[in-house]
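[1] model this:
(2 chains, ligands or ions: 2)
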Amino acid sequence: MLRDITIGQYYPADSVIHKLDPRVKLFATLLYVISLFIFENWVGLSLVTLFLIGVIWLSKVPVSYMVKGLRAIVIILIITALFNLFLTPGTALVEFGIFKITREGLVSAVTMAIRLIYLILGTSVVTLATTPNRLTDGLEKSLGPLNKIRIPVHEISMMMSIALRFVPILVEETDKIMKAQIARGADFESGNVIKKAKNMIPLLVPLFISAFRRANDLAMAMEARCYHGGKGRTKMKPLKYKKRDGMAYLVIFVYFAAIILARVFVK
Amino acid sequence: MILDKVNYTYSRDTAYEKHALKDVSLKIEDGQFIGIIGHTGSGKSTLIQHLNGLMRADSGTIFFNGENIYDKDYDIRALRAKVGLVFQYPEHQLFETTVFKDVCFGPGNQKLPSEEVESRASEALRAAGLPEHLWQQSPFEMSGGQKRRVAIAGVLAMKPQMLILDEPTAGLDPKGRDEILDQVAKMRRDLHMTVILVSHSMEDVANYVDRLIVMNRGQVMLDGTPRQVFSHYKELEAVGLAAPQVTYLMHELRKAGLPVDVDATTRDEAKASILKAVARP
Ligand SMILES: Nc1ncnc2c1ncn2[C@@H]1O[C@H](COP(=O)(O)OP(=O)(O)OP(=O)(O)O)[C@@H](O)[C@H]1O
Ligand SMILES: [Mg+2]
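    Numbers count the residues shown, from 1 in each chain, chains lettered A, B, ... in the order given. Ligands and ions are numbered 1, 2, ... in the order given. Below is the predicted model of the structure:
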């Protein structure tokens, strides 16, 4: 169950997508997300779908991995779909009591669902194919100009990388604590909401204590290695654009232009 | 308890796939004192989590008291009370405000009347050798060795027939280590339990157990009395484990011409054997 959390998980593979500069991938993600909300007809949808399938195929990450990420949003997905389905005014298709499903409602429910699913799939490919370190390096570099208006870009990305780094550690820790308590007869499944919440105490107390201890240890370790923020800090592996990154930018721009054209010219 | 061809793979069908147990078959007699040793990552922790049903084998069966624990109507929660498992890090299970309340957690989950819960907790704390003046203190203020005793008591209070300890001596100094192991041996005698001790170190377990199981890469490599196992000391070295220093000493002495017993496993046995060999005219 806990293993379903895919945020910050990296799937090692030898693919073009893995090798791309993280800045390219971040920029591509941005344009991709925008494109999801631009497309509005069949041509646009086919373009987005082709692009997504192509990237997933190139990344060599098993689709099952990305589908796992979807499981987390099933509830949100259903709720948004239902809202769209019942609350959009228009020509009624089916009617029962005060509820009616309209043609427009159906269309918007389906497009909304597609957008959400594509959003998760698309961003999952990027995070699965990029190590958290490279991702935050890319972010730091891309947002670098914001430093001029006194936004602490380095600190923010450092916090992000630490947070990402800790997700799998804490998941593992939770798993171990759960096992230790189940071995003592703890029950995390049955009972009503209040009982369930109470049953979580034997899990949460050790988890918090361990999280604080780890945070403390990490702070010590950083201090011991003279960490003093971003100023004057150099990288062991500075990001450098390669030829394939240029190609990737080209592909992304062509894709984005096609999406816009599809919206403007295809009716 | 009988294990028949148990297999387990972590993260099946992904890039991280890891075949952690390969066809493990074992027979554990009641009342035995067993040591499981193996190199880091050899599958010791994975194996013992199968014994109380925390992990489910991909294939193979496990029988406890003659019943298949993977049967549909088998009460797995009852099994967990009968096969007590103490994990490597006591920090993973201590959560209550006092030591005593923490030890009450296990029997409390068994839905026993509260007098019974409390009497079991006191019994367990005594058996684990934790002095009474510490019972009302916070478990987080204890030393490493004391925390471990609290964790062991927490499992003992459920009155298991079989007690499994995962590296109970990790992070303790030699004195603390001997104290804990002596205590475990005493508990086994007093409470008539089967005890399984998981460890990295031969030296630790050799003096206590009557059967040693050596794990290597998810398989049982050697299984027998410490004497039998240590006579394979060359093979043990090949997989990154070492026999106790006594074994090396005795082999060296034998090479030097002294007729000592090379299979001596404990310091006392070795001493007796050397004295005998030297005394011989
Ligand atoms: N939750 C997990 N997910 C994936 N692989 C795991 C997991 N836990 C253990 N493994 C792998 O399974 C193998 C056996 O691990 P196990 O914890 O049983 O070893 P061990 O003998 O107890 O080692 P140690 O002496 O370090 O405690 C190791 O290679 C480990 O990397
Ligand atoms: Mg282990």
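[2] From here on, just use CA atoms for contacts and neighbour counts.
    OK.
[3] which intervals of the chain have sub-threshold pLDDT?
    Just so you know, I chose chain A. A:1-8 (pLDDT under 70).
[4] meant chain B actually
    Ranges of chain B meeting pLDDT under 70: B:15, B:281.
[5] Show me what from it comes close to chain A.
    B:15, B:52, B:54, B:77, B:80-81, B:84-87, B:91-96, B:105-106, B:109-110, B:154-155, B:158 (CA under 8 Å from any CA of the partner chain).
[6] Excluding chain neighbours, what is closest to the residue of the stretch 151-281 of chain B found nearest chain A?
    The minimum distance from the stretch 151-281 of chain B to chain A, using CA to the nearest CA, falls at residue B:155 (6.3 Å). In space, not counting the residues next to it along the chain, residue B:155 is nearest to residue B:84; the distance is 5.7 Å by CA to CA, 6 or more residues apart in numbering or on different chains.
[7] Kindly state the neighbouring-residue count (a burial measure) for that neighbour.
    Residue B:84 is flanked by 27 other residues according to other CA atoms under 10 Å in any protein chain shown.
[8] same check, this time on residue B:48
    21.
[9] can you pull the buried residues of the helix or strand residue B:121 falls within?
    Using DSSP states H and E, residue B:121 maps to helix B:114-127. For helix B:114-127, burial by neighbour count (16 or more other CA atoms under 10 Å in any protein chain shown) applies to B:117-118, B:120-125, B:127.
[10] what packs against that helix?
    If you count contacts as 3 or more CA pairs under 8 Å, 6 or more residues apart in numbering or on different chains; DSSP states H and E, helix B:114-127 packs onto helix B:99-109, helix B:144-156.
[11] Just list the residues touching residue 110, thanks.
    Since no chain was named, I'll use chain A. Residues in contact with residue A:110 (CA atoms under 8 Å, 6 or more residues apart in numbering or on different chains) are residue A:81.
[12] let's do chain B instead
    With CA under 8 Å, 6+ apart, residue B:110 has these contacts: A:185, B:158.
[13] hmm, try it at 10 Å
    A:184-186, B:77-78, B:81, B:117, B:158 (CA atoms under 10 Å, 6 or more residues apart in numbering or on different chains).
[14] Next: residue A:179.
    A:173, A:185-186, A:203, B:49, B:54-55, B:85, B:87, B:92-93.
[15] helix or strand for it, which one?
    helix A:153-182.
[16] give me phi/psi at the residue most central in space within chain B?
    The residue lying closest to the centre of chain B (CA atoms, centre = their mean) is residue B:197, at 1.4 Å. The phi/psi pair for residue B:197 (degrees, to the nearest 10) reads phi -120, psi 120.
[17] picking up where we left off before, keep only those of the residues of chain B next to chain A that are in helices.
    In this view, the residues of chain B next to chain A that belong to helices under DSSP state H are B:77, B:80-81, B:105-106, B:109, B:154-155.
[18] Helices of chain B, start to end?
    Taking DSSP H as the test, the helices found in chain B are B:44-51, B:76-82, B:99-109, B:114-127, B:144-156, B:174-191, B:202-206, B:226-230, B:233-238, B:245-255, B:267-279.
[19] Determine which stretch of those helices is the most buried.
    Of all these, helix B:144-156 carries the top mean neighbour count, a mean of 26, counting by mean count of other CA atoms under 10 Å in any protein chain shown.
[20] elements contacting it?
    helix A:153-182, helix B:76-82, strand B:83-86, helix B:99-109, helix B:114-127, strand B:162-166, helix B:174-191 (3 or more CA pairs under 10 Å, 6 or more residues apart in numbering or on different chains; DSSP states H and E).
[21] Apply 8 Å and report the result again.
    Using 3+ CA pairs under 8 Å, 6+ apart: helix B:144-156 touches strand B:83-86, helix B:99-109, helix B:114-127, helix B:174-191.
[22] The closest residue to ligand 1 within chain A - how many residues pack around it?
    Closest residue of chain A to ligand 1, CA to the nearest ligand atom: residue A:172 (6.9 Å). When neighbours are defined as other CA under 10 Å, residue A:172 has 14 of them.
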